[in-house]
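>>> structure for this input, please:
(one chain, ligands or ions: 1)
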Amino acid sequence: MADQQQEAARRPGGGKIAVTNVRVFDGRQLVPGGTVVISGGRIGTDPVGAQVIDGRGGVLLPGLIDAHVHLDGPGRLAALAGYGVTTALDMASVPEETAALRGRPGQTDIRSAGIPAIAPGSLHSHIPGVGQRGLIAGPDEAKRFVADRVAEGSDYIKIVVGSPLADHEQATIDALVAVAHEQGKLVVAHASSVESVAKAQAAGADILTHAPRDGVLDPVAVARAVAAGRVVVPTLAMMEAIVNNLAPPDADYAYSRASVAALHEAGVPILAGTDANDSPGTPSRVPHGDSLHHELELLVDAGLSPRDALRAATSLPARYFGLPDRGAIEPGLRADLVLIGDDPLRDIRATRSIRRIWCGGYEVQPAGTGT
Ligand SMILES: [Zn+2]
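Residues are numbered from 1 along each chain as shown. All right, here's what the predicted structure looks like:
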């Protein structure tokens, strides 16, 4: 499937395109009718000689960024790109497999945590491929763990905190964060309970992912996140799927939603991430690509304005994951663009009205419209 997608990607008009008469969500706000030039895989400035696409009535978005996916098999990149997700941040995968997916022209661009730090005996230790490789038994293994990830090309370090059956000691999480920071790596902590959020915050993790399903973060926890400049990727699509599909005891989606509302209200940056995966062993399958649009809807339902939801999938993940070449529509940035038919500031569901997609300047067929 990936090869078919690559064949479908194409650069019409010698690679230079001008989308005219189009409203532009530049990564921060919606600006009125203008022209955006695609040239040499980047956003250009000179429309002379370009193939013209009349964008009248439409809105041009920066390519969407999903800040929590799993690249757990073939075809995932094509699925993501077909829904306008031109960058995907993988949060656990086998690095030898993910390496082959990096930097493919015309396909979704990825970053990856590689193997996450997992407590021996925990539920996550049974995940095929990554569970056993990620085991860390104590703080004295933190240096070795981080060095292995750096050697394998991990872009950031992921720690699974609060896994059922067994969890890391606080000292282990503390040591992992300290060593990762010494190595200049961001730390993303999986934390889907109130207690695990407290442990991840105490250790100084930069980014929390998931949102507690067992209770609402209290004002002290929220204030702590604000004070530390912490960022949250709540993966509401997965929280909703787990509660709906598995109905675990004491879990309620309303808790996750309320924590996102409180964090956002307090000024904690919220990033759109889905936990998209297609692995039989995971709690719930969430479809790649399509789910990011559902995540935007859930973020708005939790209290983000449509504009803040769009920022959560464009400029904010670019800023907090250190991707300065994307997440906005400005000359010189990657030509990752999604042309939609309706106004997403009026109704966030408009992000689904995809007309055309460009991924690094290559045009990609929207999902469901290909031959
Ligand atoms: Zn995940």
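>>> tell me the residue of the stretch 1-150 of the chain that sits nearest the ion?
Per CB to the ion, the residue of the stretch 1-150 of the chain with the smallest distance to the ion is residue 91, at 4.6 Å. Glycine gets a C-beta too; all of them are placed from N, C-alpha and C.
>>> tell me where the stretch 101-250 of the chain has helices.
With DSSP state H, counting those that start in this stretch as the definition, the stretch 101-250 of the chain shows helices at residue ranges 142-152, 170-182, 194-203, 219-228, 236-246.
>>> distance of residue 146 from residue 63?
From residue 146 across to residue 63, the span is 31 Å (CB to CB, to the nearest Å).
>>> I misspoke; the intended subject was residue 318.
Between residue 318 and residue 63 the distance is 10 Å, computed by CB to CB.
>>> overlap of the contact sets of the two?
The overlap between the contact sets of residue 318 and residue 63 (CB atoms under 8 Å, 6 or more residues apart in numbering) consists of 87, 326.
>>> between those two, which is the more surrounded one?
Shown here are residue 318 and residue 63; by other CB atoms under 10 Å, residue 63 has more neighbours (27 against 23).
>>> tell me the contacts of that one?
Contacts for residue 63 were tallied using CB under 8 Å, 6+ apart; they are 84-87, 314, 326, 334, 336-338, 357-359.
>>> need those residues in a markdown table (columns: distance to residue 169, pLDDT and neighbour count).
Conversion of those to a markdown table gives the following (distance: CB to CB, whole Å; pLDDT from 0 to 100; neighbours: other CB atoms under 10 Å):
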| residue | distance to residue 169 | pLDDT | neighbour count |
| --- | --- | --- | --- |
| 84 | 42 | 98 | 30 |
| 85 | 37 | 98 | 30 |
| 86 | 39 | 98 | 27 |
| 87 | 35 | 98 | 29 |
| 314 | 38 | 98 | 28 |
| 326 | 38 | 98 | 25 |
| 334 | 42 | 98 | 22 |
| 336 | 41 | 98 | 33 |
| 337 | 46 | 98 | 27 |
| 338 | 44 | 98 | 26 |
| 357 | 46 | 98 | 27 |
| 358 | 47 | 97 | 28 |
| 359 | 43 | 97 | 30 |
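>>> how about residues contacting stretch 149-161?
Judged by CB under 8 Å, 6+ apart, the contacts made with stretch 149-161 from elsewhere in the structure are 91-92, 95, 99, 111-119, 122, 124, 134, 146, 167-168, 173, 176-177, 180, 183, 185-191, 196, 199-200, 205, 207, 321.
>>> quote the end-to-end distance of that stretch.
For stretch 149-161, the first-to-last residue distance is 18 Å (CA to CA, to the nearest Å).
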